[in-house]
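Asks: Structure for this input, please:
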Amino acid sequence: MLLLKSSLSPMAAGRVSTRTLLHVLKSGRFSNAMGELQVPLINHVLQRSYSLKSLKKVEKFGSVVVGTGPAGLAVVGNLLEQKKGPVLWVGDAQRLGGGRLDRAYRAVPSNTKVKFFSMYADALEPFKQITSEAVAPNAYSVLQDLDQEKTCHIAEAADLGLMLGAGLLKTEGVFGINNGTVESASWSETEGWKVKFSASGSKTRSVSSDLLFLCTGSHPSWNSLELDQSSKQTPSIGLDRCLKPSLLRKSIRFAAKKNPDPTQPTTIAVIGASHSAILVLRNLYNLATSPDQEFQNLRIKWFTRHELRYAEERDGWIKRDNTGLKGEVATWAKENLEADTLPTSDVSKYLEKVKTSTETEKDDYEKHLPGCHCVVQAIGFTKNKLPTIERDGTPLEITYNHETSEFVDAEGKTIRGLYGAGIAFPEKVVDPEGTTEYAVGLWKFMKYLKRVAPTWTA
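Replies: Sure, this is the predicted structure:
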């Protein structure tokens, strides 16, 4: 565990993706910056560490932020803009600012236009100071050179988060704890929040703070498939592995070896119809049709409760903005998975669609899963475990207010100084047709936080 204050430039403190590097090399703008590029390529985790004793010099923090992802990053930036420091930023990753996007989803095509990542970086003065002082090429400049109306890969957004995170760690009054876990936080009138945390096997420490922010993120959901006890349970492949082609290849190779009859197809079941589910289908199809023919016997059974749903551009707004398919994944789905395209698509040689419903899925699973070698569940995301939240030493049941960013207790009373943001605690939005959704995305997090930040009080 390190108490981090970055000693490198914003670009050097973050990892440079292969895509970013290729873009830089093609741009011809690397002659004065190769030293900047070589540092992260050779050692992208160099950061100056300080003893935890330096925490004792801070009598009380203005804010403690829990979470390393884009929401935690945006909260820290807003706190600096609101002058509610000093800030202790605690995360469970090696580097702060990228979160799960950096750890698991770099290879995923984004469903967000590039301009919204740029707007995220331009939304706060602390962020703009970092991007304006950074030596080009850097993650921000690479984004600026892309077509702002098209999508990119998550790697570009993750690199931006790492760059901004490294920049914030150089800011006076920001302290970063990496590989850390906040175990509990208790509110009292005398101390405010007393936050207990540990990191990398170190003993538990505690700090006091006026405000506490939970930006703790989510992980892929998994349900126990309630099959008849006589039915053989089908092994699972985690969604995160399926969204990274190199890891998916290894998992399918392992599944194929477990196939008792290698002359017969290795069949993978995929459950879901979201952006991630369709991406898994595409990744599996790409494996089945790869030139090396290693997976030519790969087959897919796709279980879906409903027809595909797409985001639709309307006059000044987007229908199904947070739930519909977008970008290249939407294009691939329209061309290959719709009722009028699947029968004539090459995808149909490898994929069988199984329509199901909440009423029939148990029977459908019992009928089809025994013939499958693995199952992938792409059925949404579940909140990560939260620290124990207490008031005067008594544990609280907390409920999030998706309009104010506050939490209330079991009696409906607002919990002072406790706020949340991110995929686990998004803003509730209602579109012009009256449909309620929850706004998930970097720019959506930022818009929400800028609206509510002035109301954050202890």
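Asks: Could you pull out the buried residues of the helix or strand encompassing residue 364?
Replies: Assigned by DSSP states H and E, residue 364 belongs to helix 361-368. Buried residues in helix 361-368, counted by 16 or more other CB atoms under 10 Å: 361, 364-365, 368. (C-beta placed from N, C-alpha, C; glycine too.)
Asks: again, but for stretch 300-318
Replies: The neighbour-count check on stretch 300-318 (16+ other CB under 10 Å) flags 300-304, 308, 311 as buried.
Asks: helices or strands next to the helix holding residue 364 in the packing?
Replies: strand 298-304 (3 or more CB pairs under 8 Å, 6 or more residues apart in numbering; DSSP states H and E).
Asks: Where does the prediction get shaky in this protein?
Replies: Low-confidence segments of the chain, defined by pLDDT under 70: 1-57, 226-232.
Asks: returning to what we had before: which one among the buried residues of stretch 300-318 gets closest to residue 337?
Replies: Distance to residue 337 across the buried residues of stretch 300-318 (CB to CB) is lowest for residue 308, with 6.3 Å.
Asks: Would you list the phi and psi of that closest one?
Replies: Dihedral angles of residue 308 (phi, psi; degrees, to the nearest 10) stand at phi -70, psi 140.
Asks: What is the burial count for the nearest residue to residue 296 once chain neighbours are set aside?
Replies: Once flanking residues are discounted, residue 296 sits nearest to residue 288: 6.6 Å by CB to CB, 6 or more residues apart in numbering. By the criterion of other CB atoms under 10 Å, residue 288 has 24 neighbours.
Asks: and of the buried residues of helix 361-368, the nearest to residue 249?
Replies: Of these, the one sitting nearest to residue 249 (CB to CB) turns out to be residue 368, at 24.1 Å.
Asks: my guess is that closest one contacts residue 301, does it?
Replies: Yes: if you go by CB atoms under 8 Å, residue 368 and residue 301 touch, sitting 5.7 Å apart.
Asks: what touches both of these two?
Replies: When contacts are counted by CB atoms under 8 Å, 6 or more residues apart in numbering, residue 368 and residue 301 have 269, 354 as shared neighbours.
Asks: What residues does the nearest residue to residue 126 once chain neighbours are set aside make contact with?
Replies: Leaving aside its sequence neighbours, residue 126 sits nearest to residue 80 (CB to CB, 6+ apart; 4.5 Å). Applying CB under 8 Å, 6+ apart to residue 80 gives the contacts 87, 124, 126, 168, 171, 173-174.
Asks: Using the three-state scheme, assign residue 80.
Replies: Classification of residue 80 using DSSP: H, G, I helix; E, B strand; the rest coil returns helix.
Asks: repeat for residue 156
Replies: Residue 156 is classified as helix under three-state DSSP.
Asks: Tell me the spacing between it and residue 59.
Replies: 40 Å (CB to CB, to the nearest Å).
Asks: And residue 153, by the same measure?
Replies: Look at residue 153 and residue 59: by CB to CB, they are 44 Å apart.
Asks: Tell me which of these two has more neighbours.
Replies: residue 153 (17 against 8).
Asks: for that one, phi and psi?
Replies: Main-chain dihedrals, residue 153, degrees, to the nearest 10: phi -100, psi 160.
Asks: same thing with residue 327?
Replies: Dihedral angles (degrees, to the nearest 10) for residue 327: phi 60, psi -150.
Asks: contacting residues for it?
Replies: 109-112, 151.
Asks: Dihedrals phi and psi, the residue nearest to residue 392 when sequence neighbours are not counted?
Replies: Once flanking residues are discounted, residue 392 sits nearest to residue 188: 5.5 Å by CB to CB, 6+ apart. Main-chain torsions, residue 188, degrees, to the nearest 10: phi -140, psi 160.
Asks: try residue 174
Replies: With angles defined as degrees, to the nearest 10, residue 174 sits at phi -110, psi 120.
Asks: my guess is it meets residue 77, correct?
Replies: No: here residue 174 lies out of contact with residue 77, judged by CB under 8 Å, at a distance of 9.8 Å.
Asks: quick one: which of those two has more around it?
Replies: Neighbour comparison, residue 174 and residue 77: the larger count goes to residue 77, with 30 against 25 (by other CB under 10 Å).
Asks: which neighbours does the one helix or strand residue 152 maps to have in its sheet, and in what orientation?
Replies: Element membership for residue 152, per DSSP H and E: strand 151-153. Using DSSP bridges, strand 151-153 pairs in its sheet with strand 109-113 (antiparallel).
Asks: Following the chain past the strand it pairs with, name the next helix or strand.
Replies: Following strand 109-113 toward the C-terminus (DSSP H and E): helix 114-122.
Asks: any residues touching the helix or strand just after that next one, and which ones?
Replies: In the C-terminal direction, the helix or strand that comes right after helix 114-122 (DSSP H and E) is helix 125-133. By CB under 8 Å, 6+ apart, the surrounding residues in contact with helix 125-133 are 10, 77, 80-81, 120-122, 138, 140, 163-164, 167-168, 171.
Asks: Alright, that wraps it up for me.
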